[in-house]
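Participant: please work out how this folds:
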Amino acid sequence: METPSLNRRDVLKVSLAGTAAMALPYQAVLSAKSASELDERKMPRPYAAAFTAPPVLAPYRSDDRPGTTYGTVPGTTTPVTGGAYVGSDYYKIEQRPAQVEFVKGIKTTVWGYNGLVPGPTIRVYQNGTQTRRVVMQQVNKLPAKHPTLGYVPWTSTHLHGSPSKPQFDGYAGDLTNPGEWKNYMYPNNCSPRTLWYHDHGVHHTAENVYMGLAAQYHCVDEGLERELGIPRYDRAKVGTARPQYEFPLIISDVMFARNGQLMWDDDGESGVYGDVILVNGVPWPTMKVEPRKYRFRVLNGSLARGYTLKLSNGKPFTVIATDGGFMPRPQTVTTLTVGMAERYEIVIDFADLKGTRVQLLNGGVKNARDYDHTGKVMQFEVGTTVTSTDGNSVPSTLGPVHPTMALDPAASVATRRMRLERTNGLWVINGETWDDVVRSKYEHVFAQVEPNSTEIWEVENSSGGWFHPLHVHLVDFQVLSRNGQPPRPEERGPKDVVYVGEGETVRLLMRFDHEEGRYMIHCHNLSHEDHDMMTQYQVGHHDIDCDSINTAPPRTGDPDDMQDALEEAAEEAEEVADETADVAADTVPPAGTGTTGTGSGATATTPPAPTTTAPAPAAPTTSAPAPRRSATPAPATPAPTTPAPTPAATTPTRRRSR
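Facilitator: Residues are numbered from 1 along each chain as shown. A predicted model of the protein is given here:
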């Protein structure tokens, strides 16, 4: 293993909007007051700006048709089935450039979902075991090349925390280039939780997320929240002056070039550490609150910065949910360590702080690059009156125990070990990188696991220079231990990201349910992920019905109306049948034909109706040799494709090579 050196090689600071390059030595960063090149007099000031929450996006359209369909097998009308749903909500989202005012009087170019940074929040409402499917259309309207870094901004949208099918999971090699679009289908058949959607395009995830491609997504059981009596977002208050008591907090950090544009420096592929802390895209905001309980859905949306959150007055707060949803019991803490991509739902009680101000601070983590104001996050300004006491409690138990938290280690059928380290300048998992997966034509896997089996994964970080927030796609897990000791109080709930600190070993317990196919495992320091600290595992079978790249590829041309191929085929068949019936009704048979027998008792007959649809062919049982997209696609114009031979006009074609 290569020992991390304190003599950092000079790194090139490149403005994301075109400022001159500048090299700084490692020690200068350690001792610097700031990382930004912007004139200090123009830099945003802590607590000067007002808190805002991202808007909640309304569906483009909705229906109440139940089903289990998630597209079709390529080249056929055979449905790909999955979790049952009682209806679907459809969203249209464009990934496009926009300008925002992080710095007063300066417009900074960003890339946002629907032009917003962070993107709009999506809320999906569940009712116990009944869920609604979401069809999310992502349209890549980004420029053909990044204006200064020069890469093609291909994207792959990952709904982090969702048990999605592989073809809709945001696989790193499932790339949507500028001018293309893709319909993602999400089952939402998970426990109520805070998820987030963000870019996952191979080798440029960090740059794309830094530019703004990130947002929260909530699966909500309103009945359960009312029963628990916790602070909650109330749909009935939307459009009124009545206050809400639940808010997302997306915490991230950036730095600015001399002209006020975002500046890129990933510290020799170690990570980006900005000197300006953003909460929901606002530098160090101040939020006005009432003297009562509030619930915050905290997401660490930074690329490399970990946070240790605490209140300036030392008061405790309560953790009620982790990545995978509600904990069995709430945990009271005074500090909360949050690695990148981790989500925690916390409740802060402002009841005895009337007329005061209290700050949410960052105590930092080991090996972070800290600057003058990175110890500050946001400020709360507490009023003196309470509008409503509805949802103003935290019960001793938080509803049904999440299945992951009920797993028994004795049920494990395998124990697997994973080493996270830097070797010969490469970020590796068990000595391998994502490039090893690509060279194997995406066949190589860290583990082949049986559906519905339970395993223990032991994850070791023997380095002293970096922590690694490890994310396992598809499943939730239970943190069994940290360095042989019980997990931290805030970790005692279902997780999908675990903070693996310097010199630490954690043991995880997980069950592989929901779906089959290949899923990624990676460090969520996004510079580590991009260079190439990522591998994959396989649950059950891998076939053309669940191929991450070839089953549901992006498409060119005008985006469709998000109708399933089966739905369109059924509508087309119905139209043909109606037209045939109309023609038959309008046609008078010639005399002496179309009858049987003679005399007045003769009965007219009509020819049988023509068959309008052919029987659907069976799904293939082995993987077809479909073309695969390279992990580093060339920006050249792709070759045209040939539509798959299928009666449904919008059935996805097989993925073309790039």
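
Participant: mind listing the helices for the stretch 301-450 of the chain?
Facilitator: Ranges of helices in the stretch 301-450 of the chain, per DSSP state H, counting those that start in this stretch, are 434-439.

Participant: ugh, typo on my part, it should be the stretch 1-150 of the chain
Facilitator: With DSSP H, counting those that start in this stretch as the criterion, the stretch 1-150 of the chain has helices at 26-31.

Participant: tell me which element L470 is part of?
Facilitator: Using DSSP states H and E, L470 maps to strand 468-472.

Participant: listing partners with orientation, what would you give for that strand?
Facilitator: Here strand 468-472 is paired, per DSSP bridges, with strand 497-500 (antiparallel), strand 517-523 (antiparallel).

Participant: quick check: buried residues in stretch 230-247?
Facilitator: In terms of neighbour count (16 or more other Cβ atoms under 10 Å), stretch 230-247 has its buried residues at I230, P231, R232, Y233, D234, Y245, E246, F247. Using the backbone N, CA and C atoms, a C-beta is placed for each residue, glycine as well.

Participant: ok, so of the residues you listed, who is nearest G355?
Facilitator: Y245 (19.0 Å; Cβ to Cβ).

Participant: which residue is the nearest non-sequential neighbour of that closest one?
Facilitator: Excluding the flanking residues, the one nearest Y245 by Cβ to Cβ, 6 or more residues apart in numbering is P231, at 3.9 Å.

Participant: ramachandran angles for that neighbour?
Facilitator: As for P231, its main-chain torsions (degrees, to the nearest 10) stand at phi -60, psi 140.

Participant: distance of it relative to D543?
Facilitator: From P231 across to D543, the span is 45 Å (Cβ to Cβ, to the nearest Å).

Participant: which parts of the stretch 151-300 of the chain are strands?
Facilitator: Here the stretch 151-300 of the chain has its strands, by DSSP state E, counting those that start in this stretch, at 157-160, 181-186, 193-199, 214-221, 246-254, 263-264, 276-279, 282-283, 286-289, 293-300.

Participant: now those in TSV, please, with extra columns for distance to V319.
Facilitator: As requested, those are exported to TSV (distance: least, Cβ to Cβ, whole Å):
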stretch	distance to V319
strand 157-160	19
strand 181-186	26
strand 193-199	12
strand 214-221	17
strand 246-254	13
strand 263-264	34
strand 276-279	18
strand 282-283	24
strand 286-289	19
strand 293-300	9
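
Participant: looking at those, which is nearest to L526?
Facilitator: L526 lies closest to strand 193-199 among the strands of the stretch 151-300 of the chain, at 9.1 Å (Cβ to Cβ).

Participant: between the closest one and strand 214-221, how big is the angle?
Facilitator: For strand 193-199 against strand 214-221, the angle by axes from the mean of the first three to the mean of the last three Cα atoms, to 10 degrees is 150 degrees.

Participant: tell me what strand 193-199 is packed against?
Facilitator: Judged by 3 or more Cβ pairs under 8 Å, 6 or more residues apart in numbering; DSSP states H and E, strand 193-199 is in contact with strand 157-160, helix 205-210, strand 214-221, strand 293-300, strand 343-349.

Participant: S191: which of the ones you listed is closest?
Facilitator: Each of the helices and strands packed on strand 193-199 was scored for nearness to S191 using Cβ to Cβ, and the closest is strand 214-221 (7.5 Å).

Participant: and that closest one, what does it pack onto?
Facilitator: Counting by 3+ Cβ pairs under 8 Å, 6+ apart, strand 214-221 packs on strand 122-126, strand 193-199, strand 246-254, strand 293-300.

Participant: next, format these as TSV and append mean pLDDT and distance to K310.
Facilitator: Below are those laid out as TSV (pLDDT from 0 to 100; distance: least, Cβ to Cβ, whole Å):
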stretch	mean pLDDT	distance to K310
strand 122-126	97	29
strand 193-199	98	21
strand 246-254	98	13
strand 293-300	98	13
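
Participant: most packed of those strands?
Facilitator: The highest mean neighbour count among those, using mean count of other Cβ atoms under 10 Å, belongs to strand 193-199: a mean of 26.

Participant: which other residues reach it?
Facilitator: Contacts to strand 193-199, defined as Cβ atoms under 8 Å, 6 or more residues apart in numbering, come from residues 95, 113, 119, 122, 136, 155-162, 205, 208-209, 213-219, 248, 250, 297, 299, 301, 321, 323-325, 341, 343, 345.

Participant: how much does it deviate in direction from strand 293-300?
Facilitator: Using the same axes, to 10 degrees, strand 193-199 lies at 30 degrees relative to strand 293-300.

Participant: parallel or antiparallel, which strands does strand 193-199 pair with?
Facilitator: strand 157-160 (antiparallel), strand 214-221 (antiparallel).

Participant: any chance of those in a markdown table, plus mean pLDDT, distance to S88 and mean neighbour count?
Facilitator: Output for these, formatted as a markdown table (pLDDT from 0 to 100; distance: least, Cβ to Cβ, whole Å; neighbours: other Cβ atoms under 10 Å):
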| stretch | mean pLDDT | distance to S88 | mean neighbour count |
| --- | --- | --- | --- |
| strand 157-160 | 98 | 15 | 24 |
| strand 214-221 | 98 | 15 | 23 |
